[in-house]
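S.K.: any chance you can model this:
(one chain, ligands or ions: 1)
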Amino acid sequence: MKSAVKKSKPAGSAAGGNDPTVLPSGSGASPEVPAGNAGTDASLDDLKHGLQNGRLAHAYLLVGQPRGNAQALVERFLQLLYCRASEAGPCGSCPTCRQVRAHNWPDMLWIEPQKKSRTIQKEQILALQQFLAHTSYGGGWKTAVLLYAERLNPVASNSLLKTLEEPSKNSLLFLLTESPEFMLPTVLSRCQKLILSESTRKIPAEVAESVADIIAGHDRDDIIARQATASRFLMFLKALRKGVEEAEKREDEVDDGDTEELEAGKEVVEARVEARYREARADVLTTLLQFYRDILLGVCGADERCFYAQGQRDLTRRMAQGLSHGKALRNIDVIENIKKQLEQNLPEALVLDYGFSRLTTLPGDR
Ligand SMILES: [Zn+2]
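M.R.: As a prediction, the model looks like this:
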């Protein structure tokens, strides 16, 4: 299988030095580090202090745009870590700084999701572990950057967990993601989190409408109504998966020029469907969560203009009526638990049955 791990070779004879190294151009690196905002500046300061005081964590989770502000921050910090040309900070122009920016500095490994499966796979994490096990080229830090860390498949996540639990000396990991909510809690808990910007993912309007339809049916507070909601939700997820599978099939037909990738075959397509489906399902759960937050806002008598689902204000108002503050809060806990359990790969039917059996909804004025 083709690996998307890009491992760099030493481009010069010495780390840092003045040798006129010829650098490859491009290779996916950003051209210049853009000016920071409050989030990135504060995070860079955190990292600098950590370095100065010998208190760097072994792994950082950077929440921001993996190809934007998060990548720029990591590149900037890695230049600081490796540049020997200036005492005042990274010079930005020596061969080391340029190699860091081109992502081909030998003590640094960049990992990104494989093109076809759109996931980070176990082989890539094994390559990471091998990379960290070798002596450093420049005699200092070995660093690895994972772009789109939320795309780690479950097996890869578990392999990575071992690295996070027993970090090698002088190693530093950076996990870049815009959607930490899709990552395993066990991985998250072992990383120091730096927030550069909030998630900017947009959820399609038709998802919000379907979720509202399901919730609208949940208008009695008894066990039968709860079971009915759970099975409607399960059916909705099944249709969602089918939609993802069909979309993948269509893309494959269009995409028939790439024989190397076609050879990768069924397994890869399945992994890709799974990754896409999990993403779509997480969107659905986020929408459900937002909806129950609106209900809580309604219970608190908040201005309806701050509702997330503006198109569903009537329904939200109706659902909020007569519900106690405590119950509205508990519902949010229930949805958050459903979301967490699904991320942990527990069986959908079980999670939904149990989850919805604990949701409280009053009939309102109907
Ligand atoms: Zn430099």
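S.K.: how about the strands in this protein?
M.R.: With DSSP state E as the criterion, the chain has strands at 6-7, 59-63, 108-111, 142-147, 171-177, 192-195.
S.K.: the fifth one packs against which elements?
M.R.: Put plainly, it is strand 171-177. For strand 171-177, the elements it packs on are strand 59-63, helix 69-82, strand 142-147, judged by 3 or more CB pairs under 8 Å, 6 or more residues apart in numbering; DSSP states H and E. Bear in mind the C-beta positions are built from the backbone N, C-alpha and C, glycine included.
S.K.: quick one on the thing from earlier: would you single out the least confident of the strands of the chain?
M.R.: When mean pLDDT is averaged over each of those, strand 6-7 scores lowest at a mean of 44.
S.K.: Gln312 is in contact with Ala212, isn't it?
M.R.: Yes. The criterion here is CB atoms under 8 Å, and Gln312 meets it with Ala212 at 4.6 Å.
S.K.: what touches both of these two?
M.R.: Phe291 (CB atoms under 8 Å, 6 or more residues apart in numbering).
S.K.: the more surrounded of those two?
M.R.: Ranked by neighbour count (other CB atoms under 10 Å), Gln312 and Ala212 place Gln312 first, with 22 against 19.
S.K.: turn the helices and strands packed on strand 171-177 into CSV, including mean neighbour count and distance to the ion.
M.R.: Output for the helices and strands packed on strand 171-177, formatted as CSV (neighbours: other CB atoms under 10 Å; distance: least, CB to the ion, whole Å):
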stretch, mean neighbour count, distance to the ion
strand 59-63, 25, 22
helix 69-82, 24, 6
strand 142-147, 24, 16
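S.K.: turn these into CSV, including distance to Arg232.
M.R.: As requested, the helices and strands packed on strand 171-177 are arranged in CSV below (distance: least, CB to CB, whole Å):
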stretch, distance to Arg232
strand 59-63, 33
helix 69-82, 38
strand 142-147, 37
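S.K.: which of the ones you listed sits closest to Thr316?
M.R.: Thr316 sits nearest to strand 59-63 of all those, at 28.7 Å, using CB to CB.
S.K.: what's in contact with the closest one?
M.R.: Residues contacting strand 59-63 (CB under 8 Å, 6+ apart): 43, 47, 70, 73-74, 149, 164, 167, 172-178, 180, 188, 190-199.
S.K.: helices and strands around the longest helix seen in the chain, which ones?
M.R.: Among the segments of the chain that qualify as a helix by DSSP state H, the longest is helix 259-299. On a contact count with 3+ CB pairs under 8 Å, 6+ apart, helix 259-299 meets helix 205-217, helix 223-254, helix 313-320, helix 325-343.
S.K.: 10 Å - rerun?
M.R.: helix 154-165, helix 205-217, helix 223-254, helix 313-320, helix 325-343 (3 or more CB pairs under 10 Å, 6 or more residues apart in numbering; DSSP states H and E).
S.K.: I'm done for today, thanks for sticking with me.
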